[in-house]
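Engineer: my questions are about this predicted structure, shown below with the sequence.
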Amino acid sequence: MILLGVDCGEKRTGVAICDSMGILASPVTVIHEANKKKLALAVTELAKEKRADKIILGLPLRTDGTKGDKAQACEAFAALLRDQHGLDVVLWDERFSSTMAHQSLGAANVKAKDRRSIVDAVAACVILQSYLDRR
């Protein structure tokens, strides 16, 4: 089963994919799009291109586990992907995924100026790998 991990941001959205055995997540791309309808189209096209069976969409909960404005926006985006594009979407707790992505890039000696272009895709990897590990 092919899964896409998605770290939805206000301006940039990271995307990751897993191998066919569902063991390892890898970064795919960062989509630069603020308009959620256009972003949904881009994610849908990518899902079709990669033959993804399911989207694992990061849900940005607060540290105490409650939902804020960003979590509600992600829920609305998930509904858009489901209802208008027919995608199977799972919302997955993404707390600290960006922090972990920055730490991973730092450990890999990626310069701070180079991180911005890839950190969202790495955060999508963290989200997807967390989902895969939990299964």
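Structural biologist: Ah, there it is. Residues are numbered from 1 along each chain as shown.
Engineer: residue boundaries of the strands in the protein?
Structural biologist: Counting by DSSP state E, one finds strands in the chain at the ranges 3-7, 12-18, 25-32, 54-59, 89-93.
Engineer: out of these, which one sits most buried?
Structural biologist: strand 3-7 (a mean of 28; mean count of other C-beta atoms under 10 Å). Just so you know, the C-beta spots here come from the backbone N, C-alpha and C atoms, and that holds for glycine as well.
Engineer: what's the mean pLDDT across that strand?
Structural biologist: Throughout strand 3-7, pLDDT has a mean value of 96.
Engineer: same check, this time on stretch 49-64
Structural biologist: On average, stretch 49-64 scores 94.
Engineer: which residues does that stretch contact?
Structural biologist: Residues outside stretch 49-64 that contact it (C-beta atoms under 8 Å, 6 or more residues apart in numbering): 1-8, 17, 28, 43, 46-47, 67-68, 70-71, 74-75, 77-78, 81, 87-95, 97, 123-124, 127-128, 131.
Engineer: if you set the cut-off to 6 Å instead, what comes out?
Structural biologist: The set of residues external to stretch 49-64 that reach it, using C-beta atoms under 6 Å, 6 or more residues apart in numbering, is 1-7, 17, 68, 70-71, 74, 78, 87-95, 127-128, 131.
Engineer: just to revisit the earlier point, for the strands of the chain, which one sits closest to V119?
Structural biologist: Minimum separation from V119 across the strands of the chain (C-beta to C-beta) falls at strand 12-18, 7.5 Å.
Engineer: cool, thanks, signing off.
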